[in-house]
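# from the sequence below, what's the structure:
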Amino acid sequence: MITPTSLKNSKIAVFGLGKAGMSTLNALLRSGAEVYVWDDGEASRAKLQAENLKNVHIVSPEETPWNEIKLLALSPGIPLTHPKPHKVAELAKAANCPIVCDIEILYHAQSQSKFLGITGTNGKSTTTALTGHILKNAGVSGEVGGNIGIPVLDLTPLSEDGVYVLEMSSFQLDLIKQTHFNVSVFLNITPDHIDRHGDIEGYIAAKCHIYENQGENDVAIIGVDDEYTNKIYEQLKSSGKIGRIIPISTRREIAGGIMVKDGVIYDNSGSIPKQYTLGYLERLPGAHNGQNIAAAFAATLALGVQPEKAIAAIKSFEGLKHRIQLVSEINGIKFINDSKATNADATANALRAFDDIYWILGGLSKEGGIGSLVEFFPKITHAFLIGKAQDDFANVLDGKVTYTKCETLANAFDEAAKRALNDNKKGSVVLLSPACASWDQWPNFEVRGDAFCEMAINLKEKV
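Residues are numbered from 1 along each chain as shown. So this is what the prediction gives:
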């Protein structure tokens, strides 16, 4: 675990007592800091109070001695600017107190190590995990954390040869000041989290903080398959700020870039163009995973990994839970858990990857619904609708795709599995890819996905 010794005897404020907030608090206590802490949730405060920790002051933002506070460690879930700044952010700004997240604290504690930051709207977690997997298999000392779910201050201290592979959300990038990424990865942009950034420009500006402290000795890897990131790529090239820029694509070869298409890596990033055959990767299906592979391949090459070692590691990657996860196969029919697909853009990746789909979708719909997925409707054999969105989604599907309103995931799974097994079309898939948030019926997408996995495994044992 990380101990930020430079903060010894400093007074630090911590706001938010979730996973990252508690990790930050414990790291600060290890360092010998005096911590002023608060959470809007009474239960979280009471739980901390019961621990009776030394050097911890549980005080409201209004009672915090801001003129004595060196910095505020703010949990990324707390609004910094939109839709309205939280009171704690306003008070810290008024006192000229720096507002950071745990990643900034990690950077100052471990600035001798290398930092690789990965951002984008979709694909961050898979790319982060795949990059860490490649480095591990190549014998590179590394730690994986950040938005992928592991608080960074719980990671292991690394030497100057070690690499921190960090998934960076727009919220976290809004809260870094001096964090320097030796290698940055920017996958893609589709409109998301607009409520927290004001508009798409604000969202993009937050993402672009990943470049803030990069310079002539650094590498920037960026997708060029959407209009937003392609524009950023052109701007980076013309600025001349970053030493090396590597574009990645799943559609076209680019001078100095890397393309992954139809199971082949086309590497034009060096002086001699090279090709590497991957073949079909069951754990990394679809063009969107081609982008993730291109990014991880480029990033690890930039860190000195040999291409052959990277290729071998990519082929052995097991994939991540809840992201087009192959759970089981029964009589030639695959059961796929894509619960992480909480918006239509993410679901598009799954629909693009398969045919003859028995599609389970619904939940708490996001802006835009599923209207953008019409091009994939011919791939849908039958749709099974759940949650609050089921009536709205039925209206979109009406006359285009046959569907059944199922209310719950359990009902939808039973209906989908029964129909798929009766139809007995080899190569078909029962796909949970909801295009919705889970909060109407589940606490998060992980619990929703775990329930689907349990159903699929139980069914296989019975058949």
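# just for this structure, where's the confidence low?
Residues of the chain that meet the criterion pLDDT under 70 are absent altogether.
# okay, now the domains of it?
Domain assignment for the chain, taken from automatic domain parsing, gives 5-100, 106-316, 325-462.
# just send these back as TSV, with mean neighbour count too.
Every C-beta, even on glycine, is put in place using the N, C-alpha and C of the backbone. Listed next are these as TSV, based on neighbours: other C-beta atoms under 10 Å:
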stretch	mean neighbour count
domain 5-100	18
domain 106-316	20
domain 325-462	19
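# where along the stretch 301-450 of the chain do the strands fall?
325-330, 333-337, 357-362, 364-365, 380-386, 403-407, 429-432, 436-437 (DSSP state E, counting those that start in this stretch).
# the third one packs against which elements?
Okay, so that is strand 357-362. Strand 357-362 sits against helix 344-353, strand 380-386, helix 390-397, helix 409-423, strand 429-432, with contacts defined as 3 or more C-beta pairs under 8 Å, 6 or more residues apart in numbering; DSSP states H and E.
# ok, now the fourth one?
Under the contact criterion of 3+ C-beta pairs under 8 Å, 6+ apart, the helices and strands touching strand 364-365 comprise strand 436-437.
# what are the pairing partners of the strand it packs on, and which direction each?
strand 364-365 (antiparallel) (DSSP bridges).
# which outside residues touch the partner strand?
Contacting residues not belonging to strand 364-365 are listed as G387, K388, A389, D392, F393, A435, C436, A437, S438, W439, D440 [C-beta atoms under 8 Å, 6 or more residues apart in numbering].
# from those residues, which is closest to E282?
Lowest distance from E282 to the contacts of strand 364-365 (C-beta to C-beta) belongs to A435, with 23.1 Å.
# check contacts around the closest one.
341-344, 346-347, 361-363, 365-366, 369-370, 373.
# do you know how far it is from D338?
According to C-beta to C-beta, to the nearest Å, A435 and D338 sit 10 Å apart.
# contact partners for the nearest residue to S428 once chain neighbours are set aside?
If the residues on either side of it in the chain are set aside, S428 comes closest to D356, at 3.7 Å by C-beta to C-beta, 6 or more residues apart in numbering. By C-beta under 8 Å, 6+ apart, D356 lies in contact with K379, T381, K425, G427, S428, V429.
# which one of those is nearest P65?
Lowest distance from P65 to these (C-beta to C-beta) belongs to V429, with 57.9 Å.
# still on that earlier bit, which neighbours do A435 and D338 share?
Shared contacts of A435 and D338, counting by C-beta under 8 Å, 6+ apart, come down to A346, T347.
# next, give phi and psi for the residue nearest to S428.
Backbone torsions of D356, given as degrees, to the nearest 10, read phi 50, psi 60.
# so N213 sits against Q178, correct?
Yes. With contacts counted by C-beta atoms under 8 Å, N213 reaches Q178, the gap being 6.3 Å.
# need the contact list for L153.
Neighbours of L153 in contact, by C-beta under 8 Å, 6+ apart: M1, I2, P4, S23, T24, N26, A27, D102, I105, L106.
# I'd like the residues you listed as CSV, with distance to I204 appended.
Formatted as CSV, the contacts of L153 follow (distance: C-beta to C-beta, whole Å):
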residue, distance to I204
M1, 34
I2, 30
P4, 31
S23, 29
T24, 27
N26, 34
A27, 31
D102, 24
I105, 26
L106, 25
